[in-house]
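*Asks:* Mind looking at a prediction? Sequence and model below.
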2 protein chains.
Amino acid sequence: MTIDKNEANRSLIDKINKLEEENDEEFSHAQKILLTTDGSVTAILDVLFGKISLTTIEQHFDVADKEHAELLNINEGEEINFREVIMHRNGKPLIYAISHIPLGRCSKDICADLVRADIPIGRILKNYSIESRREIKNIWIEKPNALLKEIFKTDEDMLARDYVIINNDEILMWIKEVFPISHFR
Amino acid sequence: MTIDKNEANRSLIDKINKLEEENDEEFSHAQKILLTTDGSVTAILDVLFGKISLTTIEQHFDVADKEHAELLNINEGEEINFREVIMHRNGKPLIYAISHIPLGRCSKDICADLVRADIPIGRILKNYSIESRREIKNIWIEKPNALLKEIFKTDEDMLARDYVIINNDEILMWIKEVFPISHFR
């Protein structure tokens, strides 16, 4: 039992170590933290770079297919908000993010702020004093698609992770974040 | 309104900038993050240094005086758990922390783990899937007292912050964290 109760972050440690070994990379402190933190990424970027801005590339409502229903632990056919954004500082892109939010779990105020398209989720949660916890699911390296190449003006490898924000024991949001491997070094 | 909804982290940004200016210091990314994050500090240390350990210097129950009652928003005379710890990696001290926890807001399981003296609070919250939010109160530089000098084997300035962890709209914990200004550079 002694061992178990102190192993809460074992899977995070293992994921980062494995990723570094498999790719012969050594991540910076800031990169490791951004890939594993259960705190607000917006707050970290705000403090490191000055208040960042958010530009929404795409935002729409859609019904969940099988894959999205599984990600969010909802039924197929339930409505979700889909948002694709860039967090940037004075036009310099920092992190690209996709979020899926089941509308049925989202208060009217929060839904309205999501649709407004310029407020990062970290700030929305803070503005409404939402109590939550974040579960990091996967951390990996991927090749950029055409959109990521265009946003970041590079074809280098991307660091990525996905995680869920849990509120009232239910998944309130699924989020994927991506940034070029040379960022935050 | 547009401005307000995006100003959630303004006070954090201002606090760090002011501290840097007043002390003619430039903090590292890791230092800034450790001083401002609303996520688990244990998780950050675990990922940066490998699984860290906790040594409890002092742990006891006491009734709240006026000052502690105000910190925790409880009545004077209510019982609190007082804990003073060092988070270290293989004996190298990383961060010193003090926590005050009102026993009336703490489940039996969590209280038992606090008393066990070797489990960091970040891991306790994670083990019990506690949904919460953290409010950073102050960030400052202080001179080390005799205990801090002995722990860190230095008399250099210390970076410090205090914050509360809120659960069910009540303060579950007040925490102060301290580390030497040359750490995490």
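*Replies:* Yep, that arrived.
*Asks:* hey, let's count contacts and neighbours off CA atoms from now on
*Replies:* Noted.
*Asks:* what's near enough to touch the residue lying closest to A:Ile13 once chain neighbours are set aside?
*Replies:* Take A:Ile13 and drop its neighbours on the chain: the residue closest to it by C-alpha to C-alpha, 6 or more residues apart in numbering or on different chains is B:Val47, 5.1 Å away. Counting by C-alpha atoms under 8 Å, 6 or more residues apart in numbering or on different chains, B:Val47 touches A:Leu12, A:Ile13, A:Ile16, A:Lys32, A:Ile33, A:Thr36.
*Asks:* three-state assignment of B:Val47?
*Replies:* What DSSP: H, G, I helix; E, B strand; the rest coil gives for B:Val47 is helix.
*Asks:* quick one: pLDDT of it?
*Replies:* The predicted local distance difference test score for B:Val47 is 96.
*Asks:* One more: A:Ile98?
*Replies:* On the pLDDT scale, A:Ile98 is placed at 97.
*Asks:* longest single helix anywhere in chain A?
*Replies:* Longest helix in chain A by number of residues, with DSSP state H as the criterion: helix A:10-23.
*Asks:* got any ranges where chain A has weak pLDDT?
*Replies:* For chain A, applying pLDDT under 70 flags the ranges A:1-3.
*Asks:* and it, which residues reach chain B?
*Replies:* Proximity of chain A to chain B is confined to A:5-10, A:12-13, A:16, A:29-30, A:32-33, A:36-40, A:43-44, A:46-48, A:50-51, A:119-120, A:123-124, A:126-127, A:129-133, A:166-168 under the rule C-alpha under 8 Å from any C-alpha of the partner chain.
*Asks:* Put the buried members of those into a PyMOL selection.
*Replies:* Command for PyMOL that selects the buried part of those, burial taken from 16 or more other C-alpha atoms under 10 Å in any protein chain shown:
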select buried, chain A and resi 5+6+7+8+9+12+13+16+29+30+32+33+36+37+38+39+40+43+44+46+47+48+50+51+119+120+123+124+126+127+130+131+132+133+166+167
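*Asks:* Could you pick out which of the residues of chain A next to chain B are located in helices?
*Replies:* A:5, A:10, A:12-13, A:16, A:29-30, A:32-33, A:36, A:43-44, A:46-48, A:123-124, A:126-127.
*Asks:* in chain A, what residue is nearest chain B?
*Replies:* For chain A, the residue closest to chain B is A:Gly39, as judged by C-alpha to the nearest C-alpha, at 3.5 Å.
*Asks:* I'd assumed B:Val41 was in contact with that residue.
*Replies:* No: counting by C-alpha atoms under 8 Å, A:Gly39 sits too far from B:Val41 to count as a contact (9.3 Å).
*Asks:* Report the separation between the closest residue to A:Met158 other than its chain neighbours and A:Lys5.
*Replies:* Excluding its sequence neighbours, the residue lying closest to A:Met158 (C-alpha to C-alpha, 6+ apart) is A:Pro180, at 4.3 Å. Look at A:Pro180 and A:Lys5: by C-alpha to C-alpha, to the nearest Å, they are 35 Å apart.
*Asks:* so who does A:Asn23 touch?
*Replies:* Contact analysis of A:Asn23 by C-alpha under 8 Å, 6+ apart lists nothing.
*Asks:* if I look at it, how far off is A:Ile141?
*Replies:* 9 Å.
*Asks:* Next: A:Leu71.
*Replies:* A:Leu71 sits 20 Å away from A:Ile141, going by C-alpha to C-alpha.
*Asks:* Could you export the contacts of B:Val47 as TSV, including distance to A:Lys108?
*Replies:* Shown next, in TSV, are the contacts of B:Val47 (distance: C-alpha to C-alpha, whole Å):
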residue	distance to A:Lys108
A:Leu12	34
A:Ile13	38
A:Ile16	37
A:Lys32	35
A:Ile33	32
A:Thr36	30
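*Asks:* Which one of the residues you listed is nearest to A:Cys111?
*Replies:* The closest of the contacts of B:Val47 to A:Cys111 turns out to be A:Thr36 (C-alpha to C-alpha; 26.5 Å).
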